[in-house]
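>>> I'd like to go over a predicted model; first the sequence, then the structure.
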There are 2 protein chains.
Amino acid sequence: MTKAEDAIGVVAALVRTAFLVNAVYAESAREFGLTPQQGQLLCVLMPRSYAMGELSTILGLAKSSLTGLVDRTERNGLVRRDPDPRDPRGITVALTPRGAELADRFYTETCRRVDVLPAGLTGQERDTVARLLGRVIHDNEVPVVFAESPPDHP
Amino acid sequence: MTKAEDAIGVVAALVRTAFLVNAVYAESAREFGLTPQQGQLLCVLMPRSYAMGELSTILGLAKSSLTGLVDRTERNGLVRRDPDPRDPRGITVALTPRGAELADRFYTETCRRVDVLPAGLTGQERDTVARLLGRVIHDNEVPVVFAESPPDHP
DNA sequence: GTGTCGTAGTTCGTACTCCGAACTATCCGT
DNA sequence: ACGGATAGTTCGGAGTACGAACTACGACAC
C-alpha cells in the first residue's frame, strides 16, 4: 500500500508526468541533433504530409511560428515544401528521405525511452494507464502529435 | 467498450497526454502574463526558496540558463535573490510578496484547468490514474515541479 | 599560510522558439 | 470585376537554452 504521504492527486500526477515525459523527449531529440520542436514536426509528418495551416492547428502554433520552424527544419534537409497543385497559395510540407529515415530512428528511440518510464507497473497496470489516458486524449481531442505505431500505414 | 481503432499504447498515451497538459499549462501561464518557464519557477518556489544549483537540478536546466530565467523573473518583481548567509558565493531565490500572490493564483487556476481534462473519468478512474502515475513519478524520481497541495504549509 | 582544487553563479555568443501585426497573393461568392 | 476570406511570409521583439570561459570563494593539504 502506498503511504499517505506519497499519495498524489490527479492534477499533480498529470503535470509532473508531463514534465517527465517532456524531459525524456527533449533528451532523445537532442541526441539526434534535433530540437524537441523539430522532432515533433518530423513525428507529425511521419504518416503523411500536411499544409502549413494544418500543421499550425495540430501543433498549436501561430502560423508565423511555423514558418520559422519549417524553415529551419528544411535548411537541415529534413522536410521539403511542395506546392499544392490545387491551390497556388498553399504548400504542403513533407519529409525528405533523410527526414523520414531520421524520423523513424528518433521515433523508435523515443518510444524505447518512454516505454521504460512505467517499468515499475505490471502489464495490466500499463494497459489501464493506456486505456484511461487514451480516453482523456480522446475526450480532449488531442491531435496525433505522436503516432500509435510507426510506419504501420498501408 | 473502446473500439480497437481507438486503442492506444502506453507510450503514445504518455506522450500525447504530456502534449495536452503542456498546452494547458502554457495557456494558463499566458493569461497571467507568465511564460511557462517563469510559471514553473514560481510553482517550485511556492513551498520554499532554493539555491541556484538546486533549482538547476530540479528544473533540469543548465546553470547558465537559470541565471537568465531568474534575471527576467526578478526583473518582473516576482522573485528575489538573497545572499546565502552560510556561503558568500551562494544565493537563494525566493518569491517576493507579489510573486507569492501570483504563484498562488496561477497555481490555483492551472489546477482548475488540468482538473477538467479527465472530466470524462469516474472518480475511481481518476484515483487509479493518480495512483499509477504517482508510482511512475516516484520510480523516476521526478522533482516536485508542481506541488500536491497549495500553501498547505504551516 | 599558501597552494590547489572544487563549487556557486555569472557572462558571453549563438541558435532556436514564439508571438502579433502587417503584408502579398490567391480564392470565392455575388 | 469587386470585395471579403484564406494561405503563407516577413519583421521586430522578448524569451529560452546551451557550452565555454570567467570570477570569487570555500576547503583541504602541506
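It's in.

>>> Around DNA strand C, pick out the residues from chain A.
Contact residues (CB under 7 Å from any atom of the strand) of chain A with DNA strand C: A:35-38, A:60-62, A:64-65, A:68-69, A:72, A:87-89. (C-beta placed from N, C-alpha, C; glycine too.)

>>> 10 Å - rerun?
Taking CB under 10 Å from any atom of the strand as the measure of proximity, chain A contacts DNA strand C at A:29, A:33-41, A:56, A:59-73, A:75-76, A:84, A:86-90.

>>> show me where chain A has helices.
Assignment of helices within chain A using DSSP state H yields the ranges A:10-31, A:36-45, A:52-59, A:63-75, A:97-115, A:123-139.

>>> Tabulate the ones you listed in TSV, adding columns for mean pLDDT, mean neighbour count and distance to chain B.
Output for these, formatted as TSV (pLDDT from 0 to 100; neighbours: other CB atoms under 10 Å in any protein chain shown; distance: least, CB to the nearest CB, whole Å):
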stretch	mean pLDDT	mean neighbour count	distance to chain B
helix A:10-31	98	21	4
helix A:36-45	98	22	8
helix A:52-59	98	17	9
helix A:63-75	98	15	13
helix A:97-115	98	17	5
helix A:123-139	97	18	4
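
>>> The ones you listed into CSV, with extra columns for distance to DNA strand D?
As requested, the helices of chain A are exported to CSV (distance: least, CB to the nearest atom of the strand, whole Å):
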stretch, distance to DNA strand D
helix A:10-31, 8
helix A:36-45, 9
helix A:52-59, 3
helix A:63-75, 3
helix A:97-115, 17
helix A:123-139, 24
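
>>> Take the ones you listed and write them to CSV, including distance to B:Val10.
Shown next, in CSV, are the helices of chain A (distance: least, CB to CB, whole Å):
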stretch, distance to B:Val10
helix A:10-31, 11
helix A:36-45, 17
helix A:52-59, 22
helix A:63-75, 28
helix A:97-115, 7
helix A:123-139, 4
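
>>> quick one: which of those is nearest B:Arg98?
Smallest distance to B:Arg98 across the helices of chain A (CB to CB): 23.3 Å, for helix A:10-31.

>>> helices or strands up against the closest one?
Helix A:10-31 is packed against helix A:36-45, helix A:97-115, helix B:10-31, helix B:97-115, helix B:123-139, with contacts defined by 3 or more CB pairs under 8 Å, 6 or more residues apart in numbering or on different chains; DSSP states H and E.
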